[in-house]
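Asks: my questions concern the predicted model and sequence given below.
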There are 2 protein chains.
Amino acid sequence: MRVLGVDPGLTRLGIAVVDGGVGRAVRAVAVDVIRTPAEDDLSVRLLKVSDAVEGWFDQHRPEVVAIERVFSQHNVRTAMGTAQAAGVVALAAARRGLPVMFHTPSEVKAAVTGSGRADKAQVTIMVTRLLGLSAAPKPADAADALALAICHLWRAPMRDRMAEAEARAAELAKKHRARLAAAARESRTVIK
Amino acid sequence: MRVLGVDPGLTRLGIAVVDGGVGRAVRAVAVDVIRTPAEDDLSVRLLKVSDAVEGWFDQHRPEVVAIERVFSQHNVRTAMGTAQAAGVVALAAARRGLPVMFHTPSEVKAAVTGSGRADKAQVTIMVTRLLGLSAAPKPADAADALALAICHLWRAPMRDRMAEAEARAAELAKKHRARLAAAARESRTVIK
């Protein structure tokens, strides 16, 4: 499965494509940072982000898009811009019929370092190691985009397995109820 | 000038087209609310908003788009969705080369009622009155979109006049500095 991961932002948007292989193997296909000038109008910045992301879709043909879920940040204005950049990426994906998943920063950190409270340096170290890169990806937004794609590749099967397990449990419960009902009918027959 | 005003939101997005006439005259062309189902994925909801807004652009050919500026709301999740809906509208406008302006809720309220702290009922009353509508526009999001468009029509000339005044002041200051420099050169000549 090929995942396009995005660490959203207006000033810097981390973007990466990662392929999942057998087991936990992951391979980096591309990684970069999309920048838009702060002096541009918001609508123009969003257009630049959108056009750049479309270019990545054309070039790398991902099967799924994973975006970091934005929470309120210290700066409300920055948080809004980040949310809007994320929205523009989600929109571009939806236009192509690509599924979009959001992962929280702590889910991403936990996926690649084992701790949801890991710092940026630790995330970068693990991303470099897991992907077998010769140098650490820079800036942090690029490393975050890679981490996000890895997080998606590793969480998706787990989610699928959980969904399967839930479906199996529901099926068993249904059979169990049917058996109980049959037993109740039988016992009533006997009592009659 | 024809303005498309948007009160952004994912669950309900107010949208209106208003024409500005001579002086303060304003005329409502169209008003509606775009809704997207809460059970849809975020990316699909954004796509629905985007497609609906594109339809309005095609049908009404606005010259400018005015969007309510989103601030943090009580609910961070709602604020993010609202910001993303606003971003998607701004993006659609930028794709067509339309200028996008943001106005704060208090600017909008002040424009149509005279007070930045007016309540929704007061805004609706004034919008109905200013546009000469036979009935109050409903829901509040629709009235807000109309108020936003009116706010833009009334603020834009004021901003242009201020920009002109500033340019004039800068020009005068430049001339003044040139005169001072010339005077300084003359006085030096005299002193020599």
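Replies: Now that the structure is in, tell me what you want to look at.

Asks: report the rounded mean pLDDT for the helix or strand hosting residue A:30.
Replies: Secondary structure from DSSP states H and E places residue A:30 in strand A:26-35. For strand A:26-35, mean pLDDT rounds to 97.

Asks: for the following helix or strand past that strand, output the C-alpha coordinates as PDB.
Replies: The helix or strand immediately downstream of strand A:26-35 is helix A:42-60, counting by DSSP H and E. Listed next in PDB are the C-alpha coordinates belonging to helix A:42-60 (Å, rounded to 0.1, in the frame of the first residue of the first chain):
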ATOM      1  CA  LEU A  42      -4.800  33.300   2.600                       C
ATOM      2  CA  SER A  43      -6.800  32.200  -0.500                       C
ATOM      3  CA  VAL A  44      -3.700  32.300  -2.700                       C
ATOM      4  CA  ARG A  45      -1.600  30.400  -0.100                       C
ATOM      5  CA  LEU A  46      -4.400  27.700   0.000                       C
ATOM      6  CA  LEU A  47      -4.300  27.500  -3.800                       C
ATOM      7  CA  LYS A  48      -0.600  27.100  -3.900                       C
ATOM      8  CA  VAL A  49      -0.800  24.300  -1.300                       C
ATOM      9  CA  SER A  50      -3.600  22.700  -3.300                       C
ATOM     10  CA  ASP A  51      -1.700  22.800  -6.600                       C
ATOM     11  CA  ALA A  52       1.400  21.400  -5.100                       C
ATOM     12  CA  VAL A  53      -0.400  18.500  -3.500                       C
ATOM     13  CA  GLU A  54      -2.200  17.800  -6.800                       C
ATOM     14  CA  GLY A  55       1.200  17.500  -8.300                       C
ATOM     15  CA  TRP A  56       2.200  14.900  -5.700                       C
ATOM     16  CA  PHE A  57      -0.900  13.000  -6.400                       C
ATOM     17  CA  ASP A  58      -0.200  13.000 -10.100                       C
ATOM     18  CA  GLN A  59       3.400  12.000  -9.700                       C
ATOM     19  CA  HIS A  60       3.200   9.400  -6.900                       C
END
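
Asks: name the helices or strands packed onto helix A:42-60?
Replies: Taking 3 or more C-beta pairs under 8 Å, 6 or more residues apart in numbering or on different chains; DSSP states H and E as the contact definition, the neighbouring helices and strands of helix A:42-60 are strand A:2-7, strand A:12-20, strand A:26-35, helix A:76-95, helix B:76-95, strand B:100-103. The C-beta positions use only the backbone N, C-alpha and C, and glycine is treated the same way.

Asks: off-centre distance for whichever helix or strand comes after that helix?
Replies: If you walk from helix A:42-60 toward the C-terminus, the next helix or strand you reach (DSSP H and E) is strand A:64-68. Averaged C-alpha coordinates place strand A:64-68 at 4 Å from its chain's average position (C-alpha atoms, centre = their mean, to the nearest Å).

Asks: check stretch A:12-25 too.
Replies: If you compare the mean C-alpha spot of stretch A:12-25 with that of the full chain, they lie 10 Å apart, counting by C-alpha atoms, centre = their mean.

Asks: got the buried residues for it?
Replies: Along stretch A:12-25, these residues count as buried under the neighbour rule (16 or more other C-beta atoms under 10 Å in any protein chain shown): A:12-20.

Asks: could I get those as JSON lines with pLDDT and distance to residue B:50?
Replies: As requested, the buried residues of stretch A:12-25 are arranged in JSON lines below (pLDDT from 0 to 100; distance: C-beta to C-beta, whole Å):
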{"residue": "A:12", "pLDDT": "96", "distance to residue B:50": "24"}
{"residue": "A:13", "pLDDT": "97", "distance to residue B:50": "19"}
{"residue": "A:14", "pLDDT": "98", "distance to residue B:50": "24"}
{"residue": "A:15", "pLDDT": "98", "distance to residue B:50": "21"}
{"residue": "A:16", "pLDDT": "98", "distance to residue B:50": "25"}
{"residue": "A:17", "pLDDT": "98", "distance to residue B:50": "24"}
{"residue": "A:18", "pLDDT": "98", "distance to residue B:50": "28"}
{"residue": "A:19", "pLDDT": "97", "distance to residue B:50": "30"}
{"residue": "A:20", "pLDDT": "92", "distance to residue B:50": "30"}
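
Asks: quick check: the two most widely separated of the residues you listed?
Replies: Maximum pairwise distance in these, criterion C-beta to C-beta, is 25.6 Å, between A:12 and A:20.

Asks: what residues are up against residue A:14?
Replies: For residue A:14, the contacting residues are A:5-7, A:31, A:33, A:139-146, taking C-beta atoms under 8 Å, 6 or more residues apart in numbering or on different chains as the criterion.

Asks: for chain A, list the residues in contact with chain B, please.
Replies: Listed as neighbours of chain B in chain A under the rule C-beta under 8 Å from any C-beta of the partner chain: A:41-44, A:46-47, A:50, A:70-72, A:76, A:79-80, A:83-88, A:90-91, A:93-95, A:99-100, A:102.

Asks: thought residue A:141 was touching residue A:13?
Replies: Yes. Residue A:141 is within contact range of residue A:13, at 6.9 Å (criterion: C-beta atoms under 8 Å).
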